[in-house]
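Trainee: my questions are about this predicted structure, shown below with the sequence.
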Amino acid sequence: MASSTVLRNFIAGSFTDSAELHEVTNPATGAVLARSPLSCQADVDRAIAAARGAHKAWARRPAVERAQYLRRVAARIRDNAARIARTITEEQGKVLGLAEVEVNFTADYLDYMAEWARRIEGEVITSDRANEQIFLLRKPLGVVAGILPWNFPFFLIARKMAPALLTGNTIVIKPSEETPINCHAFTELLAQCELPAGVFNVVYGQGGTGAALAGHAGVDMVSFTGSVATGERIAAAAAPHITKLNLELGGKAPAIVLADADLDLAVRAIRDSRIINTGQVCNCAERVYVQRQVADEFTARIAQAMAATRYGDPIARPDVEMGPLINQKGLDSVQAKVRQAIADGAQLVTGGQAADLGAGFHFQPTVLAGCHAGMEIMRKEIFGPVLPIQVVEDLDEAIALANDCEYGLTSSLYTRDLSKAMQAMREIDFGETYINRENFEAMQGFHAGVRKSGVGGADGKHGLYEYTHTHVVYLQG
């Protein structure tokens, strides 16, 4: 994409200019890719007014008719998958193969949610009175504000848009200021699908735009994915209107490796989980608890696997397994956390430094051994390709350490013992647990966390119903 490209808001079915713009750069090279709007309060007001104006007519349409629009967008995405994947790689830094997975998964997600059109159900509840029927209906909330992160920027559009639109809501999307280009590409495809004006709207910008959406009286639900700190600000902005919140706010996923584990599987899955998207994934392994009997072998093998990781500019070097971090702030944060861990007594096994590749925000795949529960590296989200390891005596200790955390999104366990797997299911206090497999959720599951990892969830039936409210009707015959 040429650096002269200017992105535009999408409001009431039309692309509109914004007075202020900012540059979007490639994190692997620093090259300017485009200029994106810094949408103002008036832009936000117009987008919400458009969504509200379109809502009633959209909600009156049968769900199967709303679903057809999702399928049209999915088909357009597949037709343009290669171009969109390259756009994602250029502006966000993930390797091209992962970008391709993201694009195709997005299309599949739209089709999956469209399948729910005939499956939205209410209830008939038994009454205490003669000749009375009690009905529980599910209805759309109204206008949804979807505020997106930069790590899976294309998929998150669909994760918020698809259930919202299918259930009869309208939506205003705000992509991250780091990754707006792919959202503009999504919107261009959607504009070809004859979706009624105002049903889907896009504004751009930084934290101020998100705050304007979250605090707007015309918004009925805010769905946000991002950091705890930003989630707290969104909750505060939404509080005066008691606006419904759906928040996914990060994680510190523990991976437990027991002495009876398949170490080949554990090393491969945990290493892949740590380097995917350069460690910038909230549900992937962020800390390892390994049983003492296999600690030395596991540490040596995971360090070897991490050190062998090929990294660099994913466009210039399509063979790399890992790209850059998103920006200088992210790079500085990861470096500071590693230095603090070493100062606290962690042993650097491999990596540990920013990688000078001439340009971009690259960091070496890193393993830290000898960690303990008091270290910040074991408690705070890293969001980079760094893996801290702590030795434990048994599963009980591992579970206690895993649960002693302010986050509670995902977790994983490697064992051949079914009884230990069942114990983990009972006792690990996280929204998701992956046993003997990679950290990646299914669209038919329910991606949700506890504690500071968020409120509500996404995917599957339960994620769909997040975008509805109940209406109970008492009908006396």
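Mentor: Arrived safely. Numbering: from 1, shown residues only.

Trainee: need the phi and psi values for the residue located most distally from the centre of the chain.
Mentor: In the chain, residue 130 marks the outermost C-alpha relative to the chain mean, sitting 49.1 Å out by C-alpha atoms, centre = their mean. Main-chain torsions, residue 130, degrees, to the nearest 10: phi -70, psi 140.

Trainee: distance check, it against residue 475.
Mentor: From residue 130 over to residue 475 the distance is 13 Å, taken as C-beta to C-beta, to the nearest Å. To be clear about C-beta, it is placed using only N, CA and C from the backbone, and glycine gets the same treatment.

Trainee: what do you get for residue 94?
Mentor: Taken as C-beta to C-beta, the span from residue 94 to residue 475 is 53 Å.

Trainee: buried set for the regular element (helix or strand) spanning residue 74?
Mentor: Here residue 74 sits within helix 63-79, counting by DSSP states H and E. Buried positions in helix 63-79, judged by neighbour count with 16 or more other C-beta atoms under 10 Å: 63, 66, 67, 69, 70, 71, 72, 73, 74, 76, 77, 78.

Trainee: let's have those residues in TSV, adding distance to residue 385 and pLDDT.
Mentor: Shown next, in TSV, are those (distance: C-beta to C-beta, whole Å; pLDDT from 0 to 100):
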residue	distance to residue 385	pLDDT
63	43	97
66	41	97
67	39	98
69	39	97
70	35	97
71	37	97
72	38	97
73	33	97
74	32	97
76	34	97
77	29	97
78	31	97
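
Trainee: ok, those residues vs residue 196, which is closest?
Mentor: residue 69 (8.6 Å; C-beta to C-beta).

Trainee: can you pull the contacts of that closest one?
Mentor: 165, 193, 194, 195 (C-beta atoms under 8 Å, 6 or more residues apart in numbering).

Trainee: how about residue 470?
Mentor: Residues in contact with residue 470 (C-beta under 8 Å, 6+ apart) are 136, 137, 138, 139.

Trainee: weed out the non-buried ones from the residues you listed.
Mentor: For these, buried by 16+ other C-beta under 10 Å: residue 138.

Trainee: I'd like the average pLDDT over stretch 225-238.
Mentor: Here stretch 225-238 scores 93 as its mean pLDDT.

Trainee: list the buried ones in that stretch?
Mentor: Of the residues in stretch 225-238, those buried (16+ other C-beta under 10 Å) are 225, 226, 228, 230, 231, 233, 234, 235, 237, 238.

Trainee: what strand or helix carries the fourth one?
Mentor: To tie it back to what came earlier, the one meant is residue 230. helix 228-238.

Trainee: which other helices and strands contact that helix?
Mentor: Under the contact criterion of 3 or more C-beta pairs under 8 Å, 6 or more residues apart in numbering; DSSP states H and E, helix 228-238 touches helix 207-214, strand 221-225, strand 244-248.

Trainee: convert the second one to CSV, retaining C-alpha atoms only.
Mentor: Read that as strand 221-225. Taking Å, rounded to 0.1, in the frame of the first residue of the first chain, the C-alpha atoms of strand 221-225 are listed here in CSV:
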residue,chain,number,x,y,z
MET,A,221,-23.2,-2.1,24.6
VAL,A,222,-19.4,-1.7,24.4
SER,A,223,-17.5,-4.8,23.3
PHE,A,224,-13.7,-4.2,23.8
THR,A,225,-10.7,-6.4,23.5
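
Trainee: ok and it relative to helix 228-238, angle-wise?
Mentor: Here strand 221-225 points in a direction 170 degrees away from that of helix 228-238 (axes from the mean of the first three to the mean of the last three C-alpha atoms, to 10 degrees).
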